Structure formats: structure tokens, C-alpha cells
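> A predicted structure for the sequence below; I have some questions about it.
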Amino acid sequence: MNDSEISRAEMRILQLKAMIGGWEQEITQQTAALDRAENLVRRCDDPRTPNAIRTLKPSHAGAWRMEADKTQALIDDVKPKYKDAEKEIQHLEGQLTHARADRADREKQHARLIERAKADTQIDRLVLEREIATARLQIAQLDYNQQADGWTHTLERENYGPLRAAAVYRLAQLEAEHHTAYSTPEEKRS
Amino acid sequence: MSIVPDVEKFALENRIAQLKLSIAKGQADILSLTLGAVGDEYRSSQIDALQAQLSDLEAEYRATYGA
């Protein structure tokens, strides 16, 4: 279920619930009419009721029967529709529960992918920073070896100058790359 | 003037940079959706251990060379 199908299902549920509310109201009103008709007949049976009214009993009884028939007809009409509507609501709500869970999963996965992309960017930066730290260490190590004559390879002693120049050049390149990629606009201007 | 301290300082900075990178890679692995719950938990415990090492090294760096 995509987002628009979810919206349509939610709208349909609201529509069905409104229909159920309408039928319930109709039945309540019809039941009230039936009660009123029944009361009139009961009043006719009460010896305290004036004769003029009691003589109307056949007419009231007829109205009562009519209201009773109307009530039954309404219930017969509404009952299957009510059942169908409730069944449809139940079905849609089941679908929505799954669809919402799927959507929540998709959103979670999307958020994770964004975080992963951010993490990859951070890794690129940290790789560069580690390379800068390594280049600085390399230069310091060369200087130390030169000063303390701590060379382990003659070739390195003989090539101290070019090796150091290459390391300094490499460091300058890495620092420039870092500056271009990660400095703030203010830092770039300064 | 001895330049040994420079070597030590840059070696420490290098280790700190390497640890930060390892932590970031571990966190990225957790976000990659491929490890599963058990893998996530294992990787999280590894990251915690690396974080502890990083805190120690950063404290050592501050104590020796200032902020």
C-alpha cells in the first residue's frame, strides 16, 4: 500500500463510520417514535385518562403497529449494511496496520541510509586526517633519524633531503585537500 | 634541541586519528543494515572499547601537550 492508498483507506474508514453513525441515529429516532406511539396506547388503557382520549385507542394502536412495522423494516434494512460496513472497516484497518508498519520500516531504513551517508562522509574526512597525521609523523621521524643518526637503512640516510622534501610536499597536498573539503567559508577566506 | 618529543607527539596524534577512523567505520557498519542484531551488539561493544582507548589517548595528549 503506498501513501495515497493509505489515505484513501483512512478516508473510506471515516466515511463508513459516518454511515454507521447515520444509521444508528435513524434507529434511535425511529425507536423514540415507536416509544411515543406505545405510550399513547398505554395512556388509552389507563382508567385515569379522559374518555375523549381513550376512545382514540384504535387509531393510536394502528399508529403504534405502523411504527413497529417501520422500526422492523428499518432494522432489516440497516442490519446487513451495518454488518458489511463493520466488516469492511475491520478489513481496511487490518490492511492499514500492515501498511503503517511497512511505512515505518521504510522510513527507518531511509533514516539509516542518510545516517550511513553522513558516516561515509565523516570516514572520508577521518581518512584524510589520519594521512595528515601519518605524514607529520613521517617528517618528524626523518628529522629525528637525521639528528640522532637513527637510520636503519643507508639509503634513507643518503636520501634524507629528497625524502623529507617529498613528505613535506605530500603533507602540503593533504592539508590543501582538507582545507578545500572541510574548512568553513570564513576559514577559506582567511 | 631534541626533536624526539615531536616524534612522540605526532605518533600519538597518528594513533588518535587511527582510532577515530576505526570508531567511525564501526558505526558505519552498524548503519549498513547487514550485521543483524547480534552483529550490531558485538560491533557496539567493540566501538565502546575503542572509545575508551580514544578517551585515554586524548587525556594523555592533553596532559602532555595541552589542548
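Now that the structure is in, tell me what you want to look at.
> show me what contacts the residue nearest the centre of chain B?
Nearest residue to the geometric centre of chain B (CA atoms, centre = their mean): residue B:19, 2.3 Å. By CB atoms under 8 Å, 6 or more residues apart in numbering or on different chains, the contact set of residue B:19 is B:50, B:53, B:54, B:57. For glycine as for every other residue, the C-beta is placed from the backbone atoms N, C-alpha and C.
> chain center to whichever strand or helix holds it: distance?
For residue B:19, the element it lies in under DSSP states H and E is helix B:4-31. Offset of helix B:4-31 from its chain centre (CA atoms, centre = their mean, to the nearest Å): 5 Å.
> hmm, back to that, for the contacts of residue B:19, work out which two are farthest apart.
For these, the maximum inter-member distance is 10.4 Å, found between B:50 and B:57 (CB to CB).
> Report whether the lengthiest helix in chain B contacts chain A.
The helix spanning the most residues in chain B, taking DSSP state H as the definition, is helix B:36-65. No - using CB under 8 Å from any CB of the partner chain, helix B:36-65 stays clear of chain A, with a minimum separation of 11.3 Å.
> Which strands or helices does that helix pack on?
Secondary-structure packing of helix B:36-65 (3 or more CB pairs under 8 Å, 6 or more residues apart in numbering or on different chains; DSSP states H and E): helix B:4-31.
> Pull out the buried positions in the helix it packs on.
Neighbour-count burial for helix B:4-31, with 16 or more other CB atoms under 10 Å in any protein chain shown as criterion, is recorded at B:6-7, B:9-31.
> Surely residue A:145 and residue A:156 touch.
Yes - using CB atoms under 8 Å, residue A:145 makes contact with residue A:156 at a distance of 7.0 Å.
> The two - which one has more neighbours?
residue A:145 (19 against 14; other CB atoms under 10 Å in any protein chain shown).
> ok now do that one, which residues does it touch?
Here residue A:145 is in contact with A:151, A:156, A:157, A:160 (CB under 8 Å, 6+ apart).
> Hmm, the second one is touching residue A:167, no?
So the one you mean is residue A:156. No - with contact defined as CB under 8 Å, residue A:156 does not count as touching residue A:167 (11.7 Å).
> okay, now residue 53: neighbour count?
Let's take chain A. Around residue A:53 there are 13 other residues, counting by other CB under 10 Å.
> that's the wrong chain, I meant chain B
Residues near residue B:53, counting by other CB under 10 Å: 15.
> Can you tell me the element the closest residue in space to residue A:170 that isn't next to it in sequence falls in?
Leaving aside its sequence neighbours, residue A:170 sits nearest to residue A:135 (CB to CB, 6 or more residues apart in numbering or on different chains; 5.3 Å). Per DSSP H and E, residue A:135 falls inside helix A:57-148.
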